[in-house]
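Visitor: What follows is a predicted protein model with its sequence.
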Amino acid sequence: MCIRDRYMGEKFYALSQSKLEDWLRLSTESEMMAFASNIDSGFQREDGLQLFLTFSADIAIRHSLISIPKGTNRVMVSDQPDYTYIDGFCRLLVFCQRALEPRYKKQDVIDWSMQAILLVLTKHHEAGLETFNQRPFYRLFLNLLSQLKNLRGSPFFSEADTIAVIQFLVKVFDRTQPIFYPGFAYAWFELVAHKYFMPEILINQGGWEFMFHLLINVFRFLRLLQENDRTPANNSSIKLFYTGTLRVMLVLLHDFPEFLATYSFLLLEEIGNSFPQIRNLILSSFPKSVRPAHPLTFQLKDYPDAELPELLPVILERVQANSLWTWIDAYVKNHQEEILQHIYTRFFGGEQEPSDYLNAPLVSLFINCIPHWVYLVPQGDVSHDIKQVRERCVESYNFLRKLLFMSSYEVREVILTAMVNEARYPNRKTLYFITFFIQLFQSGAQERDRASEAIMEQLLRMIVEILLIKEPYPWGVLCTFVELQRNPLCAIGSRPFLQEHVNIFEMINQKIFNTPRLNDVNEGNISNCLLYTSDAADDLLCVDLGGRRIIKKK
């Protein structure tokens, strides 16, 4: 269905086309300002401007589509179609925002413009995926991003106006996410990751939540592609989108690591274990102000003043809504097995409707909040004194150990994964779980029972799987791997499940530390370890995204 047919506005459609063609003939700024000031003359209807913008967007897209040879649907090809009308339409939007005040509010004009583009995109996409061409829409949005970049700092376009445009673009991109508009997926991803958009919303912390939601859209589409394709490794479309995702994650790791570090729990909650390389990139992020020691020189005593990362408000709300801190409070108060069993039961199904379904997000959330129970008073940000912290550490470690021993393999997998996912950069939570891992192996070396062996084997498998993937690696996981080998009380070399797999440890040591045996390394001869650096990222992929080369080959 044509846009003009929907509105039964043949006459108005012709008027809009005439005005747009008149606009394209103008060459000076004064002519353009005068034209834009009277753009609504002759409309004779209250919604005239909105309708004009919708029709003009449709006319511009259709003019470009006519010039595109059939079968060229990629975002980037050598044969460029005719973008004259699209470029002119974008310029018209900018001048309308300047010239139509105070008759129309600037934010209303922005809103109408975005709605017009979204409507046209939707109608063309709904006409059929086989015939939909994303290239003109990519050009249109790219033009808007370029115009926004040029307008920033100009006297007639305030910072509030810039923020308003970015917020409207975020809404449009959220509405047109790949799951809903698969035909627009590749152009959408190029736009979201473009240098004119992604850095603009990440430069201030207030825009982080917007980028988080857009990334979630990416992960959900990736997971959908994986679930719907039985042979994803042989599917070029999935490979292309996955490669693009890796590139974006590398840019974020290199340029905006604080963002990834802050939202790591929520991002990992979305991707799970489906994409281990992406998981490693997220886990390897840490604030630029943090200077981690080399894993081979790591000692727990070197971080007495490590900070405890704050829980995001959305995570804190979930913790409080499920009363998770009261679970461990109740057990510590009475140490009754019935309470521990009740907590374990709560891991299954919903809070009100227990079932056989494991609620993995709830389990991960519970594990994630335990260090905050240890270090902070639940009612606020007040820290416990040193004596209380030590007592709570002992209590929580005993609690976690008992929880692991009573859990099935499936539940244990979720619990240990949640712990390993918090072994990231130097902070209290990372050090808390590294200490727990070491104590787990030390006690297991003394007890040598079947249950202890199973838990240690499961945990060590997770650590090894992370380190077998290409760099970068999470700092906390590397430090745990090193400490388990160097600490004689862990007796890791005598574990039955490692007797036939010693070569895996030597292979990982050689790959990361350039030596098969860590005990042979002198601190004075320690070489660099690829954790998060641009060298590590460069070794994985050379990033060329959004019109710029992010990480260059040396």
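Guide: In hand now; what should we look at?

Visitor: Please point out which parts of the helix or strand hosting Phe436 sit buried.
Guide: Under the criterion of DSSP states H and E, Phe436 resides in helix 428-447. For helix 428-447, a neighbour-count test (16 or more other Cβ atoms under 10 Å) marks 428-434, 436-442, 444-445 as buried. Every residue, glycine included, has its C-beta placed from N, CA and C.

Visitor: so which of the residues you listed would you say is closest to Cys96?
Guide: Lys429 (50.6 Å; Cβ to Cβ).

Visitor: Please name the residues that touch the closest one.
Guide: Leu308, Pro309, Pro371, Glu422 (Cβ atoms under 8 Å, 6 or more residues apart in numbering).

Visitor: And Gly493, by the same measure?
Guide: With the criterion set at Cβ under 8 Å, 6+ apart, Gly493 makes contact with Val502.

Visitor: That one: what secondary structure?
Guide: Secondary structure, DSSP: H, G, I helix; E, B strand; the rest coil: Gly493 is helix.

Visitor: That one and Ser443, how far apart?
Guide: 17 Å (Cβ to Cβ, to the nearest Å).

Visitor: Equivalent analysis for Glu258, please.
Guide: In terms of Cβ to Cβ, Glu258 sits 36 Å off from Ser443.

Visitor: again, but for Phe141
Guide: 57 Å.

Visitor: For stretch 255-267, buried residues please.
Guide: Buried residues in stretch 255-267 (16+ other Cβ under 10 Å): Asp255, Phe256, Pro257, Glu258, Phe259, Leu260, Ala261, Thr262, Tyr263, Ser264, Phe265, Leu267.

Visitor: Show me the two of these that sit farthest apart.
Guide: Applying Cβ to Cβ across those, the maximum distance is between Asp255 and Phe265, 20.9 Å.

Visitor: Lowest-confidence member of the buried residues of helix 428-447, which is it?
Guide: pLDDT across those is at its lowest for Ala445, which sits at 72.

Visitor: and the spatially closest residue to that one that is not a sequence neighbour, what pLDDT?
Guide: Leaving out its chain neighbours, the residue that sits closest to Ala445 by Cβ to Cβ, 6 or more residues apart in numbering is Ala491, at 3.9 Å. Ala491 is assigned 77 on the pLDDT scale.

Visitor: With Asn273 instead?
Guide: 80.

Visitor: Hmm, Thr417 and it touching each other?
Guide: Yes - Asn273 sits in contact with Thr417 when judged by Cβ atoms under 8 Å, with a separation of 7.1 Å.

Visitor: burial of Tyr331, as a residue count?
Guide: By other Cβ atoms under 10 Å, 22 other residues sit near Tyr331.

Visitor: all strands for the protein, in order.
Guide: For the chain, applying DSSP state E gives strands covering 544-545, 548-549.

Visitor: re the thing from before, and which of the buried residues of stretch 255-267 is nearest to Gln336?
Guide: Using Cβ to Cβ, the buried residues of stretch 255-267 come closest to Gln336 at Phe265, 30.1 Å.

Visitor: got any ranges where the stretch 351-500 of the chain has weak pLDDT?
Guide: 351-355, 377-384, 497, 499-500 (pLDDT under 70).

Visitor: Grab the nearest non-local neighbour of the residue most central in space within the chain.
Guide: By Cα atoms, centre = their mean, the mean C-alpha position of the chain lies nearest to Leu215, the distance being 4.2 Å. Closest residue to Leu215 apart from its sequence neighbours, by Cβ to Cβ, 6+ apart: Leu267 at 6.5 Å.

Visitor: wait, the one you found sits on His213?
Guide: No - counting by Cβ under 8 Å, Leu267 stays clear of His213, with 11.0 Å between them.

Visitor: Tell me how far Cys393 lies from Pro309.
Guide: 17 Å.

Visitor: With that, I have no additional questions.
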